[in-house]
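**Q** no letters, just coordinates:
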């Protein structure tokens, strides 16, 4: 276990880790950068409640006044949500700087994975991962999430890569890095707002137990990197493919016109898509996160059970 002077782990999360109880890591970018206040706080607390209702301990991760914190309090969730975009969006590269400056950071998928791994948490549930951006052959805009997935030993449950990205190139990148992409009850890659895409996953698995056994087998072999579990949004909350595709295309054109790139591109596109869909994409986003954390809790519970055998 990492030195407690470096990261802070809540007593409840620490106790669960030490006694082989299921824990699900949760990111904090969705709180500060994913949606407006107070909807962001309401959603984050609902997510934690859903993890608990499905038999696991929630561990929302953030950097609070320079301290990487695993299992932030509801007061800290509200603090990050109310502060909003004033909180730094923290990926792997940003963590040491924020620690030095004693500043706050909302952790991305990459940063959440890194800190969860340091704490000894094996399962992380999020909305969607970052990936290869459209036009990356010119811009080289590729999310740090993909590199983290390549070498950090945390299982990640998501609704696929965000559909504002180039899904084909994202799948190619994951294949090159040796990251297995598992579809939960699906043969095709979910596309965040929609249940499927034209891209196949590597393997289909239909139970949390089968996924947990795969995670354990990888760990016992000493294979580095993540297991990526893609979980389709429930059909009643999915967006119409033609509507969301048009909104994404329009948002991408607007971003290009405004020369928006780098770490600003994803929050800009998600916000633009939300406005273009009259808020429907935000509701889909919330529901797919709920769906993912339920599955994350189930996988974490199965993993703890087989770890005892």
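**A** Thanks, I have it. Quantities reported herein were computed from a predicted structural model and do not represent experimental measurements.

**Q** neighbours around residue 295, how many?
**A** 21 (other CB atoms under 10 Å). Glycine gets a C-beta too; all of them are placed from N, C-alpha and C.

**Q** from residue 286, how far off is it?
**A** Residue 295 sits 16 Å away from residue 286, going by CB to CB, to the nearest Å.

**Q** what's the answer for residue 202, then?
**A** From residue 202 to residue 286 the distance is 28 Å (CB to CB).

**Q** between those two, who's got more neighbours?
**A** Between residue 202 and residue 286, residue 286 has the larger neighbour count (other CB under 10 Å), namely 21 against 15.

**Q** distance between stretch 63-72 and the chain's centre?
**A** Here stretch 63-72 shows a centroid-to-chain-centroid distance of 17 Å under the convention CA atoms, centre = their mean, to the nearest Å.

**Q** same question for stretch 112-119.
**A** On CA atoms, centre = their mean, the centre of stretch 112-119 falls 12 Å from that of its chain.

**Q** what does it contact?
**A** Stretch 112-119 is touched from outside by 1-2, 6-7, 9, 13, 17, 25-28, 59, 61, 68, 70, 92, 95, 107, 124, 126, 145, 148-149, 152-154, 156, 226, with contacts defined as CB atoms under 8 Å, 6 or more residues apart in numbering.

**Q** go with 7 Å
**A** 2, 7, 9, 17, 25, 27, 61, 68, 70, 92, 107, 124, 148, 152-154, 156, 226 (CB atoms under 7 Å, 6 or more residues apart in numbering).

**Q** do the same with stretch 275-290
**A** So stretch 275-290 is in contact with 30, 35, 43, 47, 50, 127, 159, 192-193, 233-234, 237-239, 243-244, 247, 250-251, 273-274, going by CB under 7 Å, 6+ apart.

**Q** next one: stretch 24-36
**A** Contacts for stretch 24-36 (CB under 7 Å, 6+ apart): 40-41, 43-44, 47, 51, 56, 58-62, 77, 80-81, 83-85, 87, 89, 106-109, 112, 116, 121, 123-127, 267, 282, 289, 293, 296-297, 300.

**Q** among the residues you listed, which are located in helices?
**A** Within the contacts of stretch 24-36, residues falling in helices by DSSP state H are 40-41, 43-44, 47, 51, 77, 80-81, 83, 109, 112, 116, 267, 282, 289, 293, 296-297, 300.

**Q** what does the domain assignment say about the chain?
**A** 1-121, 127-309 (automatic domain parsing).

**Q** hey, least reliable of those by pLDDT?
**A** Lowest mean pLDDT of the domains of the chain: domain 127-309, a mean of 90.

**Q** the closest residue to residue 120 other than its chain neighbours: neighbouring residues, count only.
**A** Spatial nearest neighbour of residue 120, excluding adjacent residues (CB to CB, 6 or more residues apart in numbering): residue 17 at 5.0 Å. Residue 17 sits with 19 neighbouring residues when counted by other CB under 10 Å.

**Q** residue 17 and residue 123, how far apart?
**A** Distance, residue 17 to residue 123, by CB to CB: 12 Å.

**Q** end to end on stretch 89-103, go ahead and measure it.
**A** With CA to CA, to the nearest Å as the measure, stretch 89-103 spans 11 Å from end to end.

**Q** buried set for that stretch?
**A** Using 16 or more other CB atoms under 10 Å as the test for burial, stretch 89-103 gives 89, 90, 91, 92, 94, 95, 98, 99, 103.

**Q** ranges for the helices of the chain?
**A** 11-18, 29-32, 39-53, 74-83, 95-101, 109-119, 136-139, 144-151, 167-176, 208-221, 241-257, 265-276, 280-307.

**Q** now residue 204: how far from residue 186?
**A** In this view, residue 204 and residue 186 are 6 Å apart by CB to CB.

**Q** give me the residue at the spatial middle of the protein.
**A** residue 126 (3.0 Å; CA atoms, centre = their mean).

**Q** measure that residue to residue 247 for me?
**A** Distance, residue 126 to residue 247, using CB to CB: 22 Å.

**Q** cool, residue 85 as well?
**A** Distance of residue 85 to residue 247, given as CB to CB: 22 Å.

**Q** neighbour count: those two, which is higher?
**A** Remark: of residue 85 and residue 247, residue 247 carries more neighbours, 24 against 10, as counted by other CB under 10 Å.

**Q** which non-adjacent residue is nearest that one?
**A** Excluding its sequence neighbours, the residue lying closest to residue 247 (CB to CB, 6+ apart) is residue 276, at 4.1 Å.

**Q** now do stretch 217-235: distance to the chain's middle.
**A** In terms of CA atoms, centre = their mean, the centre of stretch 217-235 is set 13 Å apart from its chain centre.

**Q** first-to-last residue distance for it?
**A** 32 Å.

**Q** which residues does that stretch contact?
**A** Residues from elsewhere that reach stretch 217-235, judged by CB under 7 Å, 6+ apart: 113, 149-160, 174, 177-184, 186, 189-190, 193, 195-196, 201, 211, 214-215, 284, 287-288, 291-292, 295.
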